[in-house]
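Student: Provided below for reference: sequence and predicted model.
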Amino acid sequence: MEGVGTPALAFIGAGRAGSALAIAAHDAGYRVAAVASRRGEMAARLADTVGADAVDTPLAAVVVADVTLLAVPDGAIATVAASIAESGISLRGRGVVHLGARFGPEIIGALRSTGAEVGVLHPLQALAGPASASLLEGAFFRIDATGLLKQRLLALVAALHATPLEIDPAAAPLYHAAAVLAGNAPLALLAEATRLLEAAGVPAEAAHVALAALLEGAAHNARRAGPAAALTGPVARGDRDAIAAHLDALAPYPEARDLYLTLTRAMESLLATQPAAGDANTQVA
């Protein structure tokens with residue numbers, strides 16, 4: 001087996017998260033020994049990118065690695081782990097982790113019968129395939145493991161210039177919910193805002209690009225100063241006339257209007273944490 005800082009890795013799953021993490025680990029100096037995927041062409045493509053072997057089964061990936069990452073959909077995590085465990089092969093000294101946000105190591109606990117250490121390594125980042133590998137630098141990772149496996153995961157996170165997080169397993173669903181609100185919900189807002197901008201006469205592609213840039217700017221400011229200090233717009237200015245005009249304009253779009261009203265109240269509550277940042281009299285009826 002290799003040293004704590006440089007274990008050979010294998011990836012089971014070559015989709016959005018698996019491909020990004022495999023490329024990031026490879027770029028950080030880790031050897032990726034094998035890639036397995038139920039879609040063979042994806043495994044072959046990723047394996048070629050990171051200099052690994054594309055193998056036919058999860059078991060074939062696990063046996064050539066010190067640490068294997070199960071980058072499969074949540075509903076398949078337990079099934080894949082059980083299929084490896086059923087082989088009866090000894091995996092003593094090896095580690096297997098899954099990338100699921102809302103589960104603990106117990107979901108792959110069947111692998112303990114093989115002697116393997118099990119754990120969780122969840123990247124708290126919006127991963128959308130190979131092009132998003134660079135986003136892992138500076139990201140946060142939830143780690144749930146013990147012993148040598150934990151040391152190896154911490155070393156991997158450090159090599160990615162990322163930060164480890166330890167979450168109480170009982171709070172994992174709450175952790176996941178927070179990730180969904182920050183990482184997924186804004187995309188639904190972006191789609192709704194794009195629809196409204198198109199209705200205002202802006203071409204679809206331009207509407208999307210313009211509003212995506214606006215969202216990126218808001219995220220940049222929030223990362224630097226925090227959400228309350230980064231808040232701009234009519235709520236931050238205490239401009240009740242503008243808010244009323246928006247609500248009138250949104251009357252033909254009742255779902256969007258309700259969403260706007262709910263989020264306006266949320267922004268008012270956010271400003272309440274920094275009283276000096278806005279006018280206390282900006283409440284929406």
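Tutor: Structure's in. What do you need?
Student: domains of the chain?
Tutor: 9-169, 182-274 (automatic domain parsing).
Student: winner for burial among these?
Tutor: Greatest average neighbour count among those goes to domain 9-169 (a mean of 20), per mean count of other C-beta atoms under 10 Å. Yep, even glycine has a C-beta here, placed from its N, CA and C like the rest.
Student: can you give me how far it is from the chain middle?
Tutor: Remark: domain 9-169 is offset 14 Å from the chain centroid, using C-alpha atoms, centre = their mean, to the nearest Å.
Student: F11: what secondary structure?
Tutor: strand (DSSP: H, G, I helix; E, B strand; the rest coil).
Student: S269 versus that one, what's the distance?
Tutor: 42 Å (C-beta to C-beta, to the nearest Å).
Student: got the domains of the chain as JSON lines, with distance to Y175 columns?
Tutor: Output for the domains of the chain, formatted as JSON lines (distance: least, C-beta to C-beta, whole Å):
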{"stretch": "domain 9-169", "distance to Y175": "5"}
{"stretch": "domain 182-274", "distance to Y175": "11"}
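Student: wait, V63 sits on I89?
Tutor: Yes - between V63 and I89 a contact is recorded at 6.7 Å, counting by C-beta atoms under 8 Å.
Student: in a markdown table: the domains of the chain, plus mean pLDDT.
Tutor: Compiled in a markdown table, the domains of the chain are given as follows (pLDDT from 0 to 100):
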| stretch | mean pLDDT |
| --- | --- |
| domain 9-169 | 97 |
| domain 182-274 | 96 |
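Student: out of these, which is closest to H176?
Tutor: domain 9-169 (4.0 Å; C-beta to C-beta).
Student: end to end on that closest one, go ahead and measure it.
Tutor: 25 Å (C-alpha to C-alpha, to the nearest Å).
Student: which element is D48 on?
Tutor: Per DSSP states H and E: D48 is located in helix 40-50.
Student: partner strands of whichever helix or strand comes after that helix and their direction?
Tutor: Per DSSP H and E, the first helix or strand lying C-terminal to helix 40-50 is strand 53-55. Take DSSP bridges as the rule and strand 53-55 pairs in its sheet with strand 32-36 (parallel).
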